[in-house]
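> I'll drop the sequence and a predicted model, then ask my questions.
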Amino acid sequence: MRCIDQDSYGSAGAARLGNFITSAMHRYTAALERRSRVIPRLLHRRIDGIVAAWFGMMILLCIPKLIYAASPVHSLADLAAMVLPYLLIAAAPLAGFLIAAGSWQKGAAMVQPDFRLSFYGNWRKLSVDDAHTNPLFGPAGFIASLLIGLLLNVVFRSFEFMLAVPAMNSHAPIWGQQLFHLMAADVIVMSFFYMVCFVMALRNVPLFPRMLLFVWLLDIAAQLIIAQQIGAQPGLPHAVGTSLQGLLIGNIQKVLISAFVWLPYLILSERVNVTYRQRCAAPR
């Protein structure tokens, strides 16, 4: 009898412990959900300050790059040839934000694409109103982390260019001019498109997952094109080629890691499907 009582007591204790752990996990998940929902609203409210801080940082970074340029400056044209890429790098994210914000004002109310690229899973179609009232609707949870990651990607790529590539004009060797302009163009184009993805995710645009996949593929293609173009330039120093190779491979690796981490989530997450595909998990 004593053994039975002890077993019953042990089972009850284990059940209470399990309930406590489950309750704690629910509270933690709910708190994380509340905090993640603050991020999109905060980004909306602080966008003017973010833009001002961005331009301020870019100006501070550009000044020493121009002072210690790798090419001599003999005229205003020489100076303009180096300043223009930096201005475009600073303006590209803002242009991406403004163009995307003006193009996708309806957000989730936009018509869903006729052809689905994500077939995995058992889903039930939702109306626009049902999707909006679903508790999983909106850029919260891990989507908020993805939003921050898209912004940080723009910042890191721009800073990486500033640190790795010296300012050069027409007085530099051909390989130097190609290096400066191609790497600057890469940062300009990718910053523009990553910011477009940011706006699409923030505004619940149905095409966001497809757009992000396209931008990942474009990013990889850009690194390969730069490697081919610069590698074919005569007179390219071995040390420069080696450093460039490491930089481009690093960019490709970062894209592949991002795709490896986020693609399963973008396909399987019910929040992503409710928010961007207007469908939820079908009951079994």
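Structure's in. What do you need?
> For the rest of this, base every contact and every neighbour count on C-alpha atoms.
Fine.
> Quick check: phi and psi at Arg279.
phi -150, psi 150 (degrees, to the nearest 10).
> what's around the nearest residue to it once chain neighbours are set aside, how many residues?
Sequence neighbours aside, Lys125 is the residue nearest to Arg279 in space, at 4.3 Å (criterion: Cα to Cα, 6 or more residues apart in numbering). Residues lying near Lys125 (other Cα atoms under 10 Å) number 15.
> for Lys125, phi and psi?
phi -70, psi 140.
> which ones are touching it?
Lys125 makes contacts with Gln278, Arg279, Cys280, as judged by Cα atoms under 8 Å, 6 or more residues apart in numbering.
> Check the gap between it and Ile59 for me.
Remark: distance between Lys125 and Ile59 (Cα to Cα, to the nearest Å) = 49 Å.
> What of Lys65?
In terms of Cα to Cα, Lys65 sits 10 Å off from Ile59.
> which one of the two has more residues nearby?
Lys65 (19 against 14).
> Give me the nearest residue to the more buried one, chain neighbours excluded.
Closest to Lys65 by Cα to Cα, 6+ apart is Ala167, at 6.1 Å.
> What is the burial count for the residue lying closest to Asn134 once chain neighbours are set aside?
Among residues not flanking Asn134 along the chain, Val274 sits closest, at 7.6 Å (Cα to Cα, 6+ apart). Counted with other Cα under 10 Å, residues neighbouring Val274 total 27.
> Check which helix or strand Val274 maps to.
helix 270-277 (DSSP states H and E).
> buried stuff in that helix?
Glu270, Arg271, Val272, Asn273, Val274, Thr275, Tyr276, Arg277 (16 or more other Cα atoms under 10 Å).
> A strand includes Phe137, no?
No. Phe137: not assigned to a strand; according to DSSP: H, G, I helix; E, B strand; the rest coil it is coil.
> can you tell me how far it sits from Ala184?
38 Å.
> Same question for Leu224.
Counting by Cα to Cα, the gap from Leu224 to Ala184 is 15 Å.
> For those two, indicate the residue with more neighbours.
Ala184 (20 against 14).
> so who does the closest residue to the more buried one other than its chain neighbours touch?
Distance criterion Cα to Cα, 6+ apart; nearest residue to Ala184, sequence neighbours excluded, is Pro85 at 6.2 Å. Going by Cα under 8 Å, 6+ apart, Pro85 touches His181, Ala184, Ala185.
> quick one, helices of the stretch 1-150 of the chain?
Shown for the stretch 1-150 of the chain, the helices assigned by DSSP state H, counting those that start in this stretch span residues 2-45, 47-67, 76-103, 128-133, 142-164.
> need the least confident one among those helices, by mean pLDDT.
Mean pLDDT values for the helices of the stretch 1-150 of the chain show the minimum at helix 2-45, a mean of 56.
> Against Glu160, how distant is Gln177?
18 Å.
> now swap in Ala281 and tell me
In this view, Ala281 and Glu160 are 41 Å apart by Cα to Cα.
> Could you do Ala95 as well?
Separation of Ala95 from Glu160 (Cα to Cα) stands at 20 Å.
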